[in-house]
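S.K.: Need a 3D model of the sequence below.
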Amino acid sequence: MKVVRFHAPGDVRIEDAPEPVPGPGEVLIRVRDCSTCGTDVKISRFGHHHIVPPRVMGHEVAGEVAGLGDGVGGWAPGDRVQVIAAIPCGQCGECRRGRMSVCPKQESMGYHYDGGFAEYMVVPAKVLAVGGLNRIPDGLGFAEASVAEPLACVINGQNLARVGDGDDVVVMGSGPIGCLHVRLAKARGARRVFLVDINAERLEMAAALVRPDATVHGGDTDAVEAVLKLTEERGADVVITAAASGGAQEQAIAMAARRGRISFFGGLPKDAPIIACDSNLVHYRELTIVGANGSSPANNAEALALIAGGAVPVSDLITHRLPLSAAVEAFDLVARGEAIKVTIEP
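M.R.: Below is the predicted model:
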């Protein structure tokens, strides 16, 4: 079979590999779609401390069951499935408290285990143990199901930021995550949703799809002033930084309304993680700043249901569908901001 393997930063190869065999408690799936994300781009260029190469990449996976290891029940060949990316241990103190997204023993597909940029992939027993293999509802395509993984992360972030009825929400970043944030916020009853980006072309492309109430091009406009104007000088109830930008995080604090909630959804580069925070704004406005790190198996199941039920449409966000042989080109598309969502179909 063909796989996309990371060997070293800047060295990602499409190679032949033997078809894997599921061990006890494992499931073999025929991968039908594995979508790309910005993390794949970062791994291809810089590697990751959890990856010991060579490693098959890809963590937004949907496919169908092709084989079962010893001891696996409840599944049969041909079952259509979606796989979680982040695998909590299910047993530590955080997991027992229901905080699986911050499990300190968390592992991940495409990092600790070979991922979905391949014709076949083994789903580890640890995934099944935490309920991380989801049935795809009838009528939902594999490509759309693969987007459940990033949507699960968005759900976790919006749960922590308490996005709900009547909120004015600002989403900073118009990539696929930003688009999902816009759609989920609307589905949760947000009063208005504003989309901000410094990339004018991507902002226009995203806005045409997800239709925010207004857009702000941060490249030629002061985003804080623009948001204050849009909100009658009050500021936003929720600001979500769906971009790896310290500047966006600093602006988020400045544009938040009194008792506003700020989600630092996009992580910062490891060599530049420090921002300037006006602590008095946080203090006097009674602001809440929350992080957002991945998702739980329950978030994944909810995401799949929201997509299948039409509450959060994703099909139109998939702007490119490419074969496995074009995976490296797909990473370049994502890096250049020329696509919203790119899915690989092995």
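S.K.: center of this structure - which residue?
M.R.: If you average the C-alpha coordinates of the chain and look for the closest C-alpha using Cα atoms, centre = their mean, you land on Pro150, 2.6 Å from that point.
S.K.: was I right about that residue contacting Glu60?
M.R.: Yes. Assessed by Cβ atoms under 8 Å, Pro150 is found in contact with Glu60 at 6.4 Å. All C-beta spots, glycine's among them, are computed from the backbone N, C-alpha and C.
S.K.: rewinding a little: what kind of secondary structure is the residue nearest to the centre of the chain in?
M.R.: The assignment at Pro150 comes out as helix when based on DSSP: H, G, I helix; E, B strand; the rest coil.
S.K.: Helix or strand: which one has the residue in the chain sticking out farthest from the centre?
M.R.: In the chain, the residue that sits farthest from the middle, by Cα atoms, centre = their mean, is Tyr284; the gap is 32.9 Å. The secondary structure element spanning Tyr284 is helix 279-285 (assigned by DSSP states H and E).
S.K.: So which elements touch that helix?
M.R.: Under the contact definition 3 or more Cβ pairs under 8 Å, 6 or more residues apart in numbering; DSSP states H and E, helix 279-285 sits against helix 246-255, strand 256-264.
S.K.: circling back to that earlier point, what's near enough to touch the residue nearest to the centre of the chain?
M.R.: Residues near Pro150 by Cβ atoms under 8 Å, 6 or more residues apart in numbering: 35, 37, 60, 176-177, 180.
S.K.: I'd like the distance between the residue farthest from the centre of the chain and Arg259.
M.R.: From Tyr284 over to Arg259 the distance is 11 Å, taken as Cβ to Cβ, to the nearest Å.
S.K.: low pLDDT regions in the stretch 51-200 of the chain?
M.R.: Screening the stretch 51-200 of the chain residue by residue with the criterion pLDDT under 70, one finds no matching range.
S.K.: ok, back up a step: turn the helices and strands packed on helix 279-285 into CSV, including mean neighbour count and distance to Ile340.
M.R.: Formatted as CSV, the helices and strands packed on helix 279-285 follow (neighbours: other Cβ atoms under 10 Å; distance: least, Cβ to Cβ, whole Å):
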stretch, mean neighbour count, distance to Ile340
helix 246-255, 21, 19
strand 256-264, 21, 20
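S.K.: closest to His217 out of the ones you listed?
M.R.: When the helices and strands packed on helix 279-285 are ranked by proximity to His217, the top entry is helix 246-255, at 13.5 Å, counting by Cβ to Cβ.
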